[in-house]
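>>> pasting the structure only:
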């Protein structure tokens, strides 16, 4: 009988960490593992999992971590989560779950419920928890957070060497990168979609995929576009994704109007299939201030779309400047504008060389089958230890 693995997600949205989770669950060998997904509410992740034949349940729980400035609220969330943890413990026991896997440092419910139910727990970390400005903070301090993650887990997995750094040198935390299924060839642009988005045949499109939040750098890219106004004809910025807060999305639109580039900025909203929009782009831009990996980077590379990314976090583990992509030292508007201008001036043959290298890099290092195999080995090791008595 396959081992029953309960995956716990801190959100029902379908962003980078959740897309990685979804693809891993799809790729698991069903002869060996039977996945079950718990989300805090209904949503795109739950729908996609059901479509893939992965059963699940909704158990409301709040994040135990928060963004800088609101960490003082965390104890209230911890109290609120008690009921959810107890429900999750009951589910683990009633369904005969063999192993629990939490996807993100933001959710502790799975780890606590696994401990209460006497089941082994694996924690997959997608966040950079160390450094001067981590995006997620623990009220008592992130050093204690790292110790708790270790204490509550049989194994810890990080999505990059950058996110592993918080656990110290010589750590046994294993790196399992995001993985993609390599398309058979370069997807063709959808002419109808291009027209619906207001993109012209001669437009050069700098695309950004991801939630619209301050740390993703969309505001800086709009300012960079304004700096290039009148210098780079036909340059447009395409944002794929929804704002986490409506007010922030409105602010970005207001910025574009104030800077005189509103006609060159397209807010497309969320798109279920990123492979449908990537071929519309001249290049993908990753302007994040902090990025533990950058799943959209390898998705673009797999599709033959060149990538320009800020050198931060785990990005240099994926991109080697001038070889399989392009790096910029900072996400300041002036730096982004200069890097965009340099890219647009590059010889087409040189860009094509970089694109070929990028696709080869994905094929060698970031294929889903390879990365899913690493996670399966972690699960097998933990279950083997459990059978031997821990």
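Good, I have the coordinates. These numbers come from a predicted model, not from an experiment.

>>> hey, where'd the strands end up in the stretch 201-350 of the chain?
Assigned by DSSP state E, counting those that start in this stretch, the stretch 201-350 of the chain shows strands spanning 204-209, 235-240, 265-269, 283-286, 307-310, 326-328.

>>> Looking at the third one now, give me its mean pLDDT.
Read it as strand 265-269. Mean per-residue pLDDT for strand 265-269: 96.

>>> got the angle for that strand vs strand 235-240?
Interaxial angle, strand 265-269 versus strand 235-240 (axes from the mean of the first three to the mean of the last three C-alpha atoms, to 10 degrees): 20 degrees.

>>> So which bits of strand 265-269 are buried?
265-268 (16 or more other C-beta atoms under 10 Å). For every residue, glycine as well, the C-beta is placed using N, CA and C.

>>> got JSON lines for the strands of the stretch 201-350 of the chain, with distance to residue 120 too?
Formatted as JSON lines, the strands of the stretch 201-350 of the chain follow (distance: least, C-beta to C-beta, whole Å):
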{"stretch": "strand 204-209", "distance to residue 120": "35"}
{"stretch": "strand 235-240", "distance to residue 120": "38"}
{"stretch": "strand 265-269", "distance to residue 120": "40"}
{"stretch": "strand 283-286", "distance to residue 120": "35"}
{"stretch": "strand 307-310", "distance to residue 120": "36"}
{"stretch": "strand 326-328", "distance to residue 120": "39"}
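
>>> Residue 110 is nearest to which of the ones you listed?
strand 204-209 (27.5 Å; C-beta to C-beta).

>>> neighbouring strands for that closest one, and are they parallel or not?
strand 235-240 (parallel), strand 283-286 (parallel) (DSSP bridges).

>>> Could you say which of those strands is packed most deeply?
Among the strands paired with strand 204-209, strand 283-286 has the highest mean neighbour count (mean count of other C-beta atoms under 10 Å), at a mean of 26.

>>> Average pLDDT for that one, rounded please.
pLDDT averaged over strand 283-286 gives 98.

>>> same question, stretch 372-382
Rounded mean pLDDT across stretch 372-382 is 97.

>>> re earlier: with respect to residue 344, which of the buried residues of strand 265-269 is nearest?
Looking across the buried residues of strand 265-269 and measuring by C-beta to C-beta, the closest to residue 344 is residue 265, at 17.1 Å.

>>> That closest one: what's it in contact with?
222, 225, 236-237, 239, 253, 256 (C-beta atoms under 8 Å, 6 or more residues apart in numbering).

>>> can you redo those residues as TSV with pLDDT?
As requested, these are exported to TSV (pLDDT from 0 to 100):
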residue	pLDDT
222	98
225	98
236	97
237	98
239	98
253	98
256	98
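
>>> any idea how far residue 168 is from the closest residue to residue 40 other than its chain neighbours?
What sits nearest to residue 40 in space, not counting adjacent residues and going by C-beta to C-beta, 6 or more residues apart in numbering, is residue 61, at 4.9 Å. Per C-beta to C-beta, to the nearest Å, residue 61 is found 29 Å from residue 168.

>>> who has more neighbours, those two?
Neighbours per residue (other C-beta atoms under 10 Å) separate residue 61 from residue 168, with residue 61 holding more: 27 against 11.

>>> can you count the residues close to the closest residue in space to residue 279 that isn't next to it in sequence?
Leaving aside its sequence neighbours, residue 279 sits nearest to residue 189 (C-beta to C-beta, 6+ apart; 4.3 Å). With neighbours defined by other C-beta under 10 Å, the count for residue 189 comes to 16.

>>> just to revisit the earlier point, would you mind giving the buried residues of strand 265-269 as JSON lines with distance to residue 1 added?
Listed next are the buried residues of strand 265-269 as JSON lines, based on distance: C-beta to C-beta, whole Å:
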{"residue": "265", "distance to residue 1": "54"}
{"residue": "266", "distance to residue 1": "50"}
{"residue": "267", "distance to residue 1": "48"}
{"residue": "268", "distance to residue 1": "45"}
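
>>> quick one: which of those residues is nearest residue 349?
Nearest member of the buried residues of strand 265-269 to residue 349, counting by C-beta to C-beta, is residue 266, at 28.9 Å.

>>> Who are the contact partners of the closest one?
With contact set as C-beta under 8 Å, 6+ apart, residue 266 has these partners: 197-199, 236-239.

>>> got it, and residue 37?
Contacts of residue 37 (C-beta under 8 Å, 6+ apart): 6-7, 9, 25, 45-46, 49, 54-57.

>>> what's the domain layout of the protein?
Per automatic domain parsing, the domain ranges recorded for the chain read 3-179+367-387, 191-365.

>>> can you redo the ones you listed as CSV with distance to residue 185?
Converted to CSV, the domains of the chain look like this (distance: least, C-beta to C-beta, whole Å):
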stretch, distance to residue 185
domain 3-179+367-387, 16
domain 191-365, 8
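
>>> which of those domains has the lowest average pLDDT?
Per-segment mean pLDDT for those reaches its minimum on domain 3-179+367-387, at a mean of 90.

>>> Figure out how far that one is from the centre of its chain.
Distance, stretch centre to chain centre, for domain 3-179+367-387: 14 Å (C-alpha atoms, centre = their mean, to the nearest Å).

>>> same check, this time on stretch 245-260
When distances are taken as C-alpha atoms, centre = their mean, stretch 245-260 is centred 24 Å away from the chain's centroid.

>>> Show me what the strand or helix carrying residue 352 is packed against.
Using DSSP states H and E, residue 352 sits within helix 348-365. The helices and strands touching helix 348-365, judged by 3 or more C-beta pairs under 8 Å, 6 or more residues apart in numbering; DSSP states H and E, are helix 295-302.
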